[in-house]
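[1] this one's sequence-less:
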């Protein structure tokens, strides 16, 4: 179970009170049985306090751990701790992202992040290379959002069999799952600097594209002339 900072402090305070109360009984009562029970309460309180302190320390260290090369955070599954690891996202903004997810449902695209207080277009663009969304929610973001309850959503546009990484425009690249404007530009920039992609795996050299993204792209792209 994940505790908020306030809950962690409250639990630590409660454990400390248990320890102090039990220690006071040790000093005031001569009864052996009660002394034994008080000693057990002290031990339990100490164990609880140590466990909470260790959990809090581990969480704090995890929050400060930067993302590894190619690592991406799943916006619909990540905890506050993992979201806090994103560049420019602190505890308050991480909590706001989770609350928006819980109250308004999963994010269908990066554009949905703009509904989170404190996240504008500039910040969303900065986060794009470090985030990912499950393929099941990526697609036509307007589907199912028609204002007329009696109307069915428009059918999704058919996707070409495979996108040629060596010729695709930014708009074509953005139709791929997990590829938004920033990553599309990064792919084109890589092409300009290194020449054509010789195999699909070369896309791992593009900043922000990791193994998980590669696996989603593999059946949808090719490296033709």
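    Nice, I can see it. All figures in this text were calculated on a predicted structure; none of them were measured in a lab.

[2] show me where the chain has its helices.
    5-28, 32-64, 80-84, 91-104, 121-127, 170-173, 181-194, 211-217 (DSSP state H).

[3] how about residue 115, nearest residue that isn't a chain neighbour?
    Spatial nearest neighbour of residue 115, excluding adjacent residues (CB to CB, 6 or more residues apart in numbering): residue 100 at 6.0 Å. C-beta coordinates here come from the backbone N, C-alpha and C atoms, glycine included.

[4] typo on my end, it should be residue 201
    Among residues not flanking residue 201 along the chain, residue 214 sits closest, at 6.8 Å (CB to CB, 6+ apart).

[5] isn't residue 75 right up against residue 133?
    Yes - Residue 75 is within contact range of residue 133, at 5.8 Å (criterion: CB atoms under 8 Å).

[6] find residues that contact each of those two.
    Common neighbours of residue 75 and residue 133 (criterion: CB atoms under 8 Å, 6 or more residues apart in numbering): 107, 110.

[7] neighbours of the residue nearest to residue 201, how many?
    18 (other CB atoms under 10 Å).

[8] roughly how far apart are it and residue 165?
    As judged by CB to CB, to the nearest Å, residue 214 and residue 165 stand 11 Å apart.

[9] common neighbours of those two, please.
    200, 203.

[10] need the contact list for the residue nearest to residue 201.
    Counting by CB under 8 Å, 6+ apart, residue 214 has contacts 200-201, 203-204.

[11] now those: which count as buried?
    200, 203 (16 or more other CB atoms under 10 Å).

[12] and the contacts of residue 214 as TSV, adding pLDDT and distance to residue 210?
    Output for the contacts of residue 214, formatted as TSV (pLDDT from 0 to 100; distance: CB to CB, whole Å):
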residue	pLDDT	distance to residue 210
200	94	14
201	95	12
203	94	10
204	94	7
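
[13] inside strands: which ones of the contacts of residue 214?
    Among the contacts of residue 214, no member is found in strands (DSSP state E).

[14] would you mind giving the contacts of residue 214 as a markdown table with distance to residue 16 added?
    Shown next, in a markdown table, are the contacts of residue 214 (distance: CB to CB, whole Å):
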| residue | distance to residue 16 |
| --- | --- |
| 200 | 57 |
| 201 | 54 |
| 203 | 53 |
| 204 | 50 |
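
[15] out of the contacts of residue 214, which is nearest to residue 62?
    Checking the contacts of residue 214 against residue 62 by CB to CB gives residue 204 as the nearest, at 25.3 Å.

[16] distance check, the residue lying closest to the closest one once chain neighbours are set aside against residue 70.
    Counting by CB to CB, 6+ apart, residue 204 lies nearest to residue 214, which is 5.9 Å off, once chain neighbours are set aside. Residue 214 sits 9 Å away from residue 70, going by CB to CB.

[17] shared neighbours of the two, anything?
    Joint contacts of residue 214 and residue 70 (CB under 8 Å, 6+ apart) are residue 204.

[18] low-confidence stretches in the protein?
    1-8, 11-12, 15, 18-19, 22-46, 48-50, 52-53, 134-161 (pLDDT under 70).
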